[in-house]
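Participant: take a look and give me a structure for this.
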Amino acid sequence: MEDRLKMPRILFAGANSGCGKTSITCGVLKALTDRGILIQPYKCGPDYIDPMLHSHITGQQCRNLDPFFSTGDDLRYLMAKDSCPAEFSVVEGVMGYYDGIGISSDKSTYTVSVETRTPVILIINVKGMSHTMIPLIKGMLEYRDNPVAGVILNRCSKGMYQMMKPEIEKTLPIRVVGYFPQKEGIHIGSRHLGLMTAAEIENLDQVIETLGKTAEEGIDLDAILEIGAGAPGLAGVDRPPLPEKKARIAVARDKAFCFYYQENLDILEQCGAELVPFSPVNDKKLPENIGGIYLGGGYPETYRKELSENEDMLRSIREAAHDGKPIIAECGGFMYVCNNLVETDGSSMPMLGLIDTDVQMTDRLSMQFGYVTLQARTDSSYLHAGDRVRVHEFHYSKAANPGDAAVLEKSTGRYWDGLHIEGRILAGYPHFYFHNCKDMAQRFVDMAAEVAKDTI
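Facilitator: Presented below is the predicted three-dimensional model:
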């Protein structure tokens, strides 16, 4: 019988998007970290920005738990792998608790909580309510068998909380573990792709400090820890030792390119890569002795002038591509490797020109977005014909030529062309999660090793 280890953990889920999950999760992370507890944070879904905030607060790399990318076994493995060294793990949900693919509950936060058997604390925005919050919570509790164990009343005054807590607990089999008042000065700015990144918020530490104090004052953190301590054990996971390094891979990491799943970076290392960060905005050339380049997503449109005018870096990357060094360019990275980045007003700035298309910013989210399954059309340096990979798209831009190396299909049956694979360059809007396409990651590292075998 497999060894099962106690891994105290909790999942914060909301009744809807915008109910206050991120603010309350960040507040609890700060308050628990201030108590000296080693926290492992997680985020449900394909989010990049909330994990940056979690990592900033806890000092630990936040991980994604995504039931579209991962099976139940994968989710349990991923949680056990990274929770083993921690004293307590905190998961932030995505959207509403039962909101999944399309209008279903499939692949939702609920899925993550059930598959990982993680106790759930519901976050309900109760502004403008009193007794009505009871049937609302009752419906969330009774809709499905679930591990919901507690509730936090957001945008609730202390006085209303003191009245409603005993009323809710008298009526429903749930613990009310706190409230979170509406306060000035605890707002994290937003933009078209979501919240602002941790690196862009000038007063971030002040905001986090306020969130932590608010959580300490209004939330029963001891109750959170107690509920989390009751989580069922998970099978222990031994992390495999990293192999000998085969190649150095340059990873774009700055304000323009910051969207990476930590699991992707880990898997590249497990495939034999030494990851070397660099800044396409600020650096003048690629790091020395690199065999490949990974250009993740982010906000290249915000820094288009700096990217376009950094001619030394453009030249360095073009030379690397000419030398046959493999490049993976996802979404924002794809915009960077194209000919020109065109703004909504028609103004244009030249980019790398490695892929023969322009990309134009749009005023609204592309209709080609969300969870999709990518199917490769032909054999290439990264994929075999017919390979199917689950990916995610989310962008406020469109490419004149999105590529035809693959077809992307939504669960509704809607599909479109996407992805360029030209020689050793893979570029397109899809974000890959390497845990479900490890062969592709291994080919990338192997190609990097092939061209760099004499440089390590």
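Participant: which one's the longest strand in the protein?
Facilitator: Among the segments of the chain that qualify as a strand by DSSP state E, the longest is strand 88-96.
Participant: what's the domain layout of this protein?
Facilitator: 4-235, 247-452 (automatic domain parsing).
Participant: wait, which of those domains is closest to P241?
Facilitator: Go through those one by one with Cβ to Cβ and the one that ends up closest to P241 is domain 247-452, at 9.5 Å. Backbone N, C-alpha and C define where each C-beta goes, glycine included.
Participant: pLDDT below threshold where in the chain?
Facilitator: Scanning the chain for pLDDT under 70 picks out the ranges 1-3, 184-202, 454-456.
Participant: quick revisit: then the longest strand of the chain to CSV, C-alphas only?
Facilitator: What follows is the C-alpha trace of strand 88-96 in CSV, where atoms were taken according to Å, rounded to 0.1, in the frame of the first residue of the first chain:
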residue,chain,number,x,y,z
PHE,A,88,0.7,24.4,4.5
SER,A,89,-0.6,24.8,1.0
VAL,A,90,-3.1,27.3,-0.3
VAL,A,91,-5.0,27.1,-3.6
GLU,A,92,-6.8,30.0,-5.2
GLY,A,93,-9.7,28.9,-7.5
VAL,A,94,-10.7,30.4,-10.8
MET,A,95,-14.0,32.0,-11.8
GLY,A,96,-17.0,30.6,-9.9
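Participant: and that strand, what's buried?
Facilitator: Going by neighbour count (16 or more other Cβ atoms under 10 Å), the buried part of strand 88-96 is F88, S89, V90, V91, E92, G93, V94, M95, G96.
Participant: please apply the same query to stretch 30-44.
Facilitator: K30, A31, L32, T33, I37, I39, Q40, P41, Y42, K43, C44.
Participant: tabulate the residues you listed (JSON lines), appending secondary structure.
Facilitator: Putting the buried residues of stretch 30-44 into JSON lines (DSSP: H, G, I helix; E, B strand; the rest coil) gives the following:
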{"residue": "K30", "secondary structure": "helix"}
{"residue": "A31", "secondary structure": "helix"}
{"residue": "L32", "secondary structure": "helix"}
{"residue": "T33", "secondary structure": "helix"}
{"residue": "I37", "secondary structure": "coil"}
{"residue": "I39", "secondary structure": "strand"}
{"residue": "Q40", "secondary structure": "strand"}
{"residue": "P41", "secondary structure": "strand"}
{"residue": "Y42", "secondary structure": "strand"}
{"residue": "K43", "secondary structure": "strand"}
{"residue": "C44", "secondary structure": "strand"}
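Participant: which one of these is nearest to R318?
Facilitator: For those, the minimum distance to R318 (Cβ to Cβ) is 35.4 Å, reached by K43.
Participant: chain center to stretch 414-426: distance?
Facilitator: Put simply, stretch 414-426 sits 22 Å off its chain's centre (Cα atoms, centre = their mean, to the nearest Å).
Participant: any chance of CSV for the domains of the chain, columns distance to P241?
Facilitator: What follows is the domains of the chain, written out as CSV (distance: least, Cβ to Cβ, whole Å):
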stretch, distance to P241
domain 4-235, 14
domain 247-452, 9
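Participant: all strands of the stretch 151-300 of the chain, in order?
Facilitator: Remark: strands of the stretch 151-300 of the chain, listed N- to C-terminal, are 175-180, 190-191, 194-195, 234-235, 247-252, 257-259, 273-278, 292-295, 297-298; assignment by DSSP state E, counting those that start in this stretch.
Participant: what residues does the next helix or strand after the last one touch?
Facilitator: The one in question is strand 297-298. Sequence-wise, the next helix or strand beyond strand 297-298 is helix 304-309, with elements assigned using DSSP states H and E. The set of residues that contact helix 304-309 without belonging to it, under Cβ atoms under 8 Å, 6 or more residues apart in numbering, is 256, 280-282, 300, 313-314, 336, 341, 343, 349-351.
Participant: and those residues, which two are the farthest apart?
Facilitator: Largest separation among those by Cβ to Cβ: N282 and E343, giving 22.1 Å.
Participant: secondary structure element holding the nearest residue to A215 once chain neighbours are set aside?
Facilitator: In space, not counting the residues next to it along the chain, A215 is nearest to G27; the distance is 3.3 Å by Cβ to Cβ, 6 or more residues apart in numbering. Assigned by DSSP H and E, G27 belongs to helix 21-34.
Participant: before we move on, what about L426?
Facilitator: Assessed by DSSP H and E, L426 sits inside strand 425-428.
Participant: which outside residues touch that strand?
Facilitator: With Cβ under 8 Å, 6+ apart, strand 425-428 has contacts from 321, 326-331, 333-334, 337-338, 354-355, 380-382, 402-403, 405-406, 418-420, 444.
Participant: can you pull the contacts of E87?
Facilitator: The contact partners of E87, by Cβ under 8 Å, 6+ apart, come to P8, I37, L38, I39.
Participant: ok, F334 to P277 distance?
Facilitator: 20 Å (Cβ to Cβ, to the nearest Å).
Participant: between these two, who's got more neighbours?
Facilitator: Relative neighbour count places F334 above the other of F334 and P277, with 30 against 12, counting by other Cβ atoms under 10 Å.
Participant: so the more buried one, which state does it fall into?
Facilitator: Put simply, F334 is helix when judged by three-state DSSP.
Participant: which one is it nearest to, not counting chain neighbours?
Facilitator: Closest residue to F334 in three dimensions, ignoring its sequence neighbours and counting by Cβ to Cβ, 6+ apart: A427, at 4.6 Å.
Participant: neighbours of the residue nearest to Q40 when sequence neighbours are not counted, just the number please.
Facilitator: Beyond its immediate neighbours in the sequence, the residue positioned closest to Q40 (Cβ to Cβ, 6+ apart) is A86, lying 3.6 Å away. Neighbour count of A86, defined by other Cβ under 10 Å: 18.
Participant: can you tell me the SS state at A86?
Facilitator: Here A86 is recorded as coil under three-state DSSP.
Participant: quick one: contacts for it?
Facilitator: The contact partners of A86, taken as Cβ under 8 Å, 6+ apart, are M7, L38, I39, Q40, Q60.
Participant: right, and the first one touches D82 too?
Facilitator: No - M7 lies out of contact with D82 (Cβ atoms under 8 Å); the separation is 9.7 Å.
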